[in-house]
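Asks: after the sequence you'll find the predicted model.
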Amino acid sequence: RYTDNPYFQDKVDDLVDTVEDETGIHLVEDVLSWLGPELAIGIMNVGDIEDDPQVVAFIGTRDPDAAERVLRRFVGFLEDENEAEFLRDTYEGFTTYREISGDEDVHFAVTDDYLVAASTERLLEDTLGMMVKSEDALSEKQAFRDARDSVPDERFSLLYVDVDSIIDQALREGDLEDVL
């Protein structure tokens, strides 16, 4: 186990100190108070040769106001250190931080349950739209609910792949013609 490593705590302390030194955000004091209980990552366009994969992350929050305070500080860090420019706005009733300088490929939103990070503005909007129209959300799909319910509530991780949807999309786009 990683905690059996005698250097583990030193490595964690170094990471916490480095993040605080670089960003002004203390992981333990500023983040752990609101973080959790879920972290989910979605990856789209994985097999698309012409486009980079798109990524969306859902970081669970027990306190959206605290999450937004930390996000504002992180966005400030990105603006100061990386010369990125973000526009604070709202979309579907959620506070968003849209990267508009083209220097960073990340866009953020804070919802009641998640801090959402997406690699494109369109993906952020699509994700927030699905969260509002919950019938389109993954959490509303019966196959996903069945998969999630089949594992213990207390778990380290869950990987869900909707193979049927991937094949259907590939067939619609003609990506499987040579394979089949």
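Replies: Structure's in. What do you need?
Asks: the longest strand anywhere in the chain packs against which elements?
Replies: Using DSSP state E to define each element, the chain has its longest strand at strand 35-44. Helices and strands touching strand 35-44, by 3 or more Cβ pairs under 8 Å, 6 or more residues apart in numbering; DSSP states H and E, are strand 54-61. For the C-beta atoms, the positions are set from N, CA and C on the backbone; glycine is no exception.
Asks: after the strand it packs on, which helix or strand is next? Please name it.
Replies: helix 64-82 (DSSP states H and E).
Asks: which stretches of this protein have low pLDDT?
Replies: Flagging of the chain using pLDDT under 70 yields the residue ranges 1, 46-50, 103, 135-137, 174-180.
Asks: taking the centroid of it, which residue is nearest it?
Replies: By Cα atoms, centre = their mean, the mean C-alpha position of the chain lies nearest to Ala57, the distance being 1.1 Å.
Asks: was I right about that residue contacting Glu38?
Replies: No. Contact criterion Cβ atoms under 8 Å: Ala57 and Glu38 do not qualify, at 10.7 Å.
Asks: these two touch, right, Phe77 and Glu20?
Replies: No. Using Cβ under 8 Å as the test, Phe77 is too far from Glu20 to be in contact (11.0 Å).
Asks: which parts of the protein are strands?
Replies: Assigned by DSSP E, the chain shows strands spanning 35-44, 54-61, 86-91, 94-99, 107-110, 114-118.
Asks: can you check what angle separates the longest one from strand 54-61?
Replies: Orientation note: strand 35-44 sits at an angle of 170 degrees relative to strand 54-61 (axes from the mean of the first three to the mean of the last three Cα atoms, to 10 degrees).
Asks: may I have strand 35-44 as CSV, with CA atoms only?
Replies: The C-alpha coordinates for strand 35-44 follow below in CSV (Å, rounded to 0.1, in the frame of the first residue of the first chain):
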residue,chain,number,x,y,z
LEU,A,35,-14.4,18.5,-1.9
GLY,A,36,-16.3,15.3,-2.5
PRO,A,37,-17.7,12.8,-2.5
GLU,A,38,-17.4,12.2,-6.2
LEU,A,39,-14.9,12.8,-9.0
ALA,A,40,-15.9,11.8,-12.5
ILE,A,41,-14.1,12.3,-15.8
GLY,A,42,-15.6,11.9,-19.3
ILE,A,43,-13.6,11.6,-22.5
MET,A,44,-15.1,12.2,-25.9
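Asks: buried set for it?
Replies: In terms of neighbour count (16 or more other Cβ atoms under 10 Å), strand 35-44 has its buried residues at 35, 40.
Asks: paired strands for it, with orientation please.
Replies: strand 54-61 (antiparallel) (DSSP bridges).
Asks: okay then, goodbye and thanks.
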